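J.: Give me a model of this one.
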Amino acid sequence: MTVRIIDLLRQKPEGQEVVVKGWVRTKRGNKNVAFIALNDGSTINNIQVVVDMAAADEALLKDVTTGSCLAVTGLLVESVGSGQPVEVQARNIEIYGKADATYPLQKKGHSMEFLREIAYLRPRTNTFGAVFRIRHAMAYAIHKFFNDKGFYYWHTPLITASDCEGAGAMFNVTTFDLNNVPKTEEGKVDYSQDFFARQTSLTVSGQLEGELGALSLGQIYTFGPTFRAENSNTPRHLAEFWMIEPEMAFYDLEDNMALAEEFIKYCVQYALDNCMDDLTFLNNMFDKELIERLRGVVECEFVRLDYTEGIRILSESGRKFEFPCTWGCDLQSEHERYLVEEYFKKPVILINYPKEIKSFYMKQNEDGKTVRAMDVLFPKIGEIIGGSEREADFDKLNTIIEERGMSKETLWWYLDTRRWGSAPHSGFGLGFERLLLFVTGMANIRDVIPFPRTPKNAEY
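T.: All right, here's what the predicted structure looks like:
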């Protein structure tokens with residue numbers, strides 16, 4: 001029976017026969033003995049396979065090259081070398097798949113840019129194996145956190161007729177032949193002939209539908225892909241990414257902030273408790289302060305900061321920012337990181353933003369100028385969570401939709417929730433890849449998702 005390498009490395013070596021399968025990372029040796037480093041993706045650590053050349057099939061061993069896939073039957077023994085507790089003394093080797101000299105992942109350093117060009121192979125590297133194992137662990141931690149707190153996992157549609165953010169950066173969904181699109185008498189696209197008989201798009205957020213769940217089940221969360229058709233070629237943006245969006249009935253802004261802080265600390269602590277081998281590798285290879293920074297977030301209390309006070313701090317900082325910052329502006333990453341990394345030296349939850357720069361669904365404060373919004377700002381990342389208390393008053397919500405020229409035709413159902421049994425409620429959104437950037441210490445968001453979708457890039 002095949003045993004995963006992560007489990008083999010934990011076994012007590014007593015000369016028992018084992019079968020191990022994986023891909024060759026390296027092969028070295030001399031005329032007497034060969035050493036094969038084998039990895040099956042279950043751990044950052046390889047297992048060493050020792051081959052007695054006197055009993056080996058030399059022709060077969062020539063095909064044991066970097067990248068080839070093997071099944072090895074042998075004895076698990078205590079390793080006489082340093083670096084690993086156990087090793088396998090090979091008795092039989094079967095080659096499942098050969099890899100010739102054109103295999104791109106030879107034993108040398110590869111740039112992140114090169115590895116993005118071969119995204120179908122990069123999970124075989126130490127770096128991306130570590131990143132994607134952590135990605136799995138974080139996804140599990142998210143489901144466990146909300147399940148243990150009594151939340152219900154709520155599936156929101158990927159195809160929608162409403163624009164949650166009101167920004168219009170959405171991918172259209174259609175079955176039309178784009179070379180022969182039907183038109184109305186006025187020359188506009190005749191969506192009545194399309195599959196859904198109306199204009200539809202890929203969702204930018206599951207929030208609006210999530211609110212319906214909260215106003216029925218009390219506490220829900222969504223966790224799924226979202227899409228933004230923004231022409232943003234930056235290290236922090238993707239066209240397809242994953243979002244976690246909890247929505248809670250009877251939560252005000254204070255409750256929302258407390259949950260967000262508890263949630264993100266839970267995820268970071270889960271990584272520290274369950275991914276230390278991979279975190280140590282990433283800490284040593286990419287970011288020498290990674291583990292210290294993760295522990296610092298878990299141990300500190302997040303700052304609650306009013307937007308107006310934040311603007312004052314930035315204005316009086318004496319720092320010359322690339323983007324000027326005055327009351328009413330939307331903070332840029334450089335502003336957010338100054339507050340977190342230099343001024344407070346801990347995560348900050350910024351609240352009460354000007355209503356003009358925030359979404360239509362946010363609850364208005366009594367000053368008439370600000371809304372009960374919150375952004376959680378993190379070191380090296382900037383904004384990692386965005387949320388708010390939602391506007392529960394029908395008249396105020398209706399007015400803001402009219403003022404912004406939004407379509408009541410597509411939002412009638414959302415407005416109806418404020419007609420019948422409206423309730424105070426709150427929620428937030430966490431970009432999964434932003435969380436992974438923080439937890440892994442990677443510098444580019446393209447490197448924490450298996451197959452990044454960015455402008456002019458949709459390979460695989």
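
J.: and the residue most central in space within the chain, helix, strand or coil?
T.: The centroid of the chain falls nearest to Glu433 when counting by Cα atoms, centre = their mean (2.2 Å). Here Glu433 is recorded as helix under DSSP: H, G, I helix; E, B strand; the rest coil.

J.: And the helices in the stretch 101-250 of the chain?
T.: Ranges of helices within the stretch 101-250 of the chain are 112-117, 126-148, 207-217, based on DSSP state H, counting those that start in this stretch.

J.: Can you list the low-confidence ranges for the stretch 151-300 of the chain?
T.: 164-168 (pLDDT under 70).

J.: before we move on, back to that, with mean neighbour count and distance to Asn231 added, can I get the helices of the stretch 101-250 of the chain in a markdown table?
T.: In short, each C-beta sits where N, CA and C put it, glycine included. Compiled in a markdown table, the helices of the stretch 101-250 of the chain are given as follows (neighbours: other Cβ atoms under 10 Å; distance: least, Cβ to Cβ, whole Å):
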| stretch | mean neighbour count | distance to Asn231 |
| --- | --- | --- |
| helix 112-117 | 14 | 18 |
| helix 126-148 | 18 | 26 |
| helix 207-217 | 21 | 23 |
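
J.: closest one to Leu411 among those helices?
T.: Taking Cβ to Cβ, helix 207-217 is the member of the helices of the stretch 101-250 of the chain nearest to Leu411, at 7.9 Å.

J.: that older thread, the residue nearest to the centre of the chain contacts Ile244, doesn't it?
T.: No - using Cβ atoms under 8 Å, Glu433 makes no contact with Ile244, being 11.0 Å away.

J.: Looks like Ile400 contacts Asp393 (just checking).
T.: No - using Cβ under 8 Å, Ile400 is not in contact with Asp393, being 10.1 Å away.

J.: Which one of these two is surrounded by more residues?
T.: Ile400 (19 against 12; other Cβ atoms under 10 Å).

J.: Would you agree the more buried one falls within a helix?
T.: Yes - judged by three-state DSSP, Ile400 forms part of a helix.

J.: element containing the closest residue to it other than its chain neighbours?
T.: Spatial nearest neighbour of Ile400, excluding adjacent residues (Cβ to Cβ, 6 or more residues apart in numbering): Phe360 at 4.8 Å. Using DSSP states H and E, Phe360 maps to neither a helix nor a strand.

J.: ok, Phe360 - contacts?
T.: Counting by Cβ atoms under 8 Å, 6 or more residues apart in numbering, Phe360 makes contact with 166, 391, 397, 400-401, 404, 406.

J.: just the buried members of these?
T.: Among the contacts of Phe360, those buried by neighbour count (16 or more other Cβ atoms under 10 Å) are 166, 391, 397, 400-401.

J.: Now tabulate these in JSON lines and tack on distance to Arg124.
T.: Formatted as JSON lines, these follow (distance: Cβ to Cβ, whole Å):
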{"residue": "Gly166", "distance to Arg124": "42"}
{"residue": "Glu391", "distance to Arg124": "49"}
{"residue": "Leu397", "distance to Arg124": "51"}
{"residue": "Ile400", "distance to Arg124": "51"}
{"residue": "Ile401", "distance to Arg124": "50"}
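
J.: count of neighbours near the residue nearest to Thr127 when sequence neighbours are not counted?
T.: Leaving aside its chain neighbours, Thr127 sits nearest to Met285 (7.0 Å; criterion: Cβ to Cβ, 6+ apart). Under the neighbour criterion other Cβ under 10 Å, Met285 is assigned a count of 13.

J.: so Pro157 makes contact with Thr203?
T.: Yes - between Pro157 and Thr203 there is a contact under Cβ under 8 Å: 6.5 Å.

J.: which of those two has more neighbours?
T.: With other Cβ under 10 Å as the criterion, Pro157 and Thr203 differ in neighbour count, and Thr203 comes out ahead with 27 against 13.

J.: Ala229 and Glu409: what is the separation?
T.: Distance from Ala229 to Glu409, counting by Cβ to Cβ, to the nearest Å: 21 Å.

J.: More neighbours: the two, which one.
T.: Taking other Cβ under 10 Å, Ala229 and Glu409 do not tie; Ala229 has more neighbours (16 against 9).

J.: okay, the residue lying closest to Pro452 once chain neighbours are set aside: pLDDT?
T.: With Cβ to Cβ, 6+ apart as the criterion, Pro452 has its nearest non-adjacent residue at 4.0 Å, and that residue is Arg446. You'll see Arg446 listed with a pLDDT of 96.

J.: Report the outermost residue of this structure with respect to its centre.
T.: Distance from the C-alpha centroid of the chain, by Cα atoms, centre = their mean, peaks at Ala54 (49.7 Å).

J.: Around the closest residue to that one other than its chain neighbours, count how many other residues there are.
T.: What sits nearest to Ala54 in space, not counting adjacent residues and going by Cβ to Cβ, 6+ apart, is Asn32, at 7.3 Å. Neighbourhood size, Asn32 [other Cβ under 10 Å]: 9.
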